[in-house]
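1. The amino acid sequence is not available; the structure is as follows:
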C-alpha cells in the first residue's frame, strides 16, 4: 500500500514539474537549434561563430579560466569542443522534453548550467542574464532529479508498459519513479542549502549583489594595456579587453603618444587605426582585434600585441613616456613605457 502511495506521489511530482521540464529542455535544445538549424554558428569562418562567444567568457570566468584559455588558444580543439558541447545540449534538452531518462538528463542540465554560471555568470548588461540562467538551471536540474517525470513522459510510458528495465534499481536513479532514498529530507535540505550558498556566493563574486557596492562588468568597456616597449622605431604593447558588453566591441578611435606631462607627441586617429595593417596586429585568441570601418575594433575577451611605427618622432625619443587609448565612448586608458 505504501509503495502504491509513493508511486502516486512521484507521479504527481513529475506531473507538477511538467512545465519546468519542457521549458528547461527547450532552453538547452534551442542552443543546438539556433547553431545548426537556423544558422551555422559552428563554422569558424562564419559571422557569429560560437567559439568567439565562448572567448567572451574568458576575462572574468570563475574557476574554469585555464580551460577556456586553452581552448581559445587552440582553435581546432575549440571547434571540436563546441561541436561536442552543442550535441550534448541537443541530447540533454530533447530527452528532458521527452521525459526520457529524466534523472540522468537532469544531471546533464545541472552540469551545463554550472558551466554557464562559472564561465559567463558575470555577463549581462541589464538583468545579470547569464548568472540568472546559470543558478536557475542548477536549481531546476536538482528539482527534476528529485521528481523524475510523471505522466506525459517516455519514462512513464515505459513504466506503464511494464518494461523489464523499469524494475531495475538503476532505472530509478537514471529514469523516473520512486527515488530509492532512505532519508529524502536530508538530501533535499543539503542540496538546497548548497545550491542557495552557490547562488549567494556567485552573486557576490560576480556582481557584489549580497553586500557592498554593486558592480556590472558588462556595462562599460575596459582595456588592459601591458608590455609597453619601444624597440627601434616601433612601439609595441599588448591590449586585452576584459569588460563591457559581449555583443558590442570597443571601438578605438585614437592612440596618443605622450610625454611626462601628458602632452601629445604623436596621434593615430580613427582613420589610421581603421587602416592599420594586419601584420601590425598579433592576436592571441579566436576573438580578434581588427581594423573596422571607422576604428580599431576590440571584442570582449580579445588579446593582441600591437605595433606602431614612431619613426617620425624618434628625434624626441627621450620625451616618449606613455600611451593613451581613446574609445569612441570617450573612455581613456593610459600606460607608461617600460
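-> Thanks, I have the structure now. Just so you know, these numbers come straight off a predicted model, no measurement behind them. Numbers count the residues shown, from 1 in each chain.
2. I'd like the next helix or strand past the helix or strand hosting residue 104.
-> Using DSSP states H and E, the element containing residue 104 is helix 102-120. For helix 102-120, the following helix or strand on the C-terminal side (DSSP H and E) is helix 129-147.
3. what's the average pLDDT for the very next helix or strand once past that following helix?
-> Going down the chain from helix 129-147, the next helix or strand is helix 154-160, by DSSP H and E. For helix 154-160, mean pLDDT rounds to 96.
4. do stretch 174-191 as well
-> Stretch 174-191 comes out at a mean pLDDT of 94.
5. what comes up buried for that stretch?
-> Within stretch 174-191, the residues scored as buried using 16 or more other Cβ atoms under 10 Å are 174-177, 179, 191. Every C-beta, even on glycine, is put in place using the N, C-alpha and C of the backbone.
6. Could you check the angle the helix holding residue 104 makes with helix 129-147?
-> Interaxial angle of helix 102-120 relative to helix 129-147 (axes from the mean of the first three to the mean of the last three Cα atoms, to 10 degrees): 160 degrees.
7. Need the buried residues of stretch 174-191 in TSV (columns: distance to residue 315 and secondary structure).
-> TSV is the format used below for these (distance: Cβ to Cβ, whole Å; DSSP: H, G, I helix; E, B strand; the rest coil):
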residue	distance to residue 315	secondary structure
174	75	helix
175	78	coil
176	79	coil
177	83	coil
179	79	coil
191	70	helix
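8. Output those in JSON lines; the columns should cover distance to residue 312.
-> Converted to JSON lines, the buried residues of stretch 174-191 look like this (distance: Cβ to Cβ, whole Å):
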{"residue": "174", "distance to residue 312": "70"}
{"residue": "175", "distance to residue 312": "73"}
{"residue": "176", "distance to residue 312": "74"}
{"residue": "177", "distance to residue 312": "78"}
{"residue": "179", "distance to residue 312": "75"}
{"residue": "191", "distance to residue 312": "66"}
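9. from these, which is closest to residue 153?
-> Closest approach to residue 153 among those (Cβ to Cβ): residue 176, at 6.7 Å.
10. Who's the closest spatial neighbour of the closest one, skipping the chain neighbours?
-> Leaving out its chain neighbours, the residue that sits closest to residue 176 by Cβ to Cβ, 6 or more residues apart in numbering is residue 148, at 3.2 Å.
11. Quick one: residues contacting that neighbour.
-> 10, 13-14, 102-103, 155, 175-177, 179 (Cβ atoms under 8 Å, 6 or more residues apart in numbering).
12. For the residues you listed, give me a markdown table that also has distance to residue 215.
-> Below are these laid out as a markdown table (distance: Cβ to Cβ, whole Å):
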| residue | distance to residue 215 |
| --- | --- |
| 10 | 44 |
| 13 | 39 |
| 14 | 41 |
| 102 | 38 |
| 103 | 38 |
| 155 | 44 |
| 175 | 44 |
| 176 | 43 |
| 177 | 46 |
| 179 | 41 |
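13. how's this structure carved up into domains?
-> The chain breaks down by automatic domain parsing into domains covering 2-207, 222-336.
14. Off-centre distance for the longest one?
-> Distance of domain 2-207 from its chain centroid, counting by Cα atoms, centre = their mean, to the nearest Å, is 15 Å.
15. Where do the helices of this protein begin and end?
-> 2-16, 18-32, 50-56, 65-72, 75-98, 102-120, 129-147, 154-160, 169-174, 184-207, 270-274 (DSSP state H).
16. Would you format those as CSV with distance to residue 301 included?
-> Formatted as CSV, the helices of the chain follow (distance: least, Cβ to Cβ, whole Å):
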stretch, distance to residue 301
helix 2-16, 41
helix 18-32, 19
helix 50-56, 4
helix 65-72, 8
helix 75-98, 12
helix 102-120, 11
helix 129-147, 14
helix 154-160, 40
helix 169-174, 37
helix 184-207, 16
helix 270-274, 20
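17. if we can go back for a sec, residue 216: which of the domains of the chain is closest?
-> Using Cβ to Cβ, the domains of the chain put domain 2-207 closest to residue 216, at 6.4 Å.
18. picking that back up, ramachandran angles for the residue nearest to residue 176?
-> phi 60, psi -170 (degrees, to the nearest 10).
19. got the contact list for the helix or strand bottoming out on mean pLDDT in the chain?
-> Ranked by mean pLDDT, DSSP states H and E, the helix or strand of the chain with the weakest confidence is helix 2-16, at a mean of 81. For helix 2-16, the surrounding residues in contact (Cβ under 8 Å, 6+ apart) are 99, 102, 146-153, 156, 176-179.
20. Would you mark the buried spots in it?
-> For helix 2-16, using 16+ other Cβ under 10 Å, the buried residues are 10-11, 13-14.
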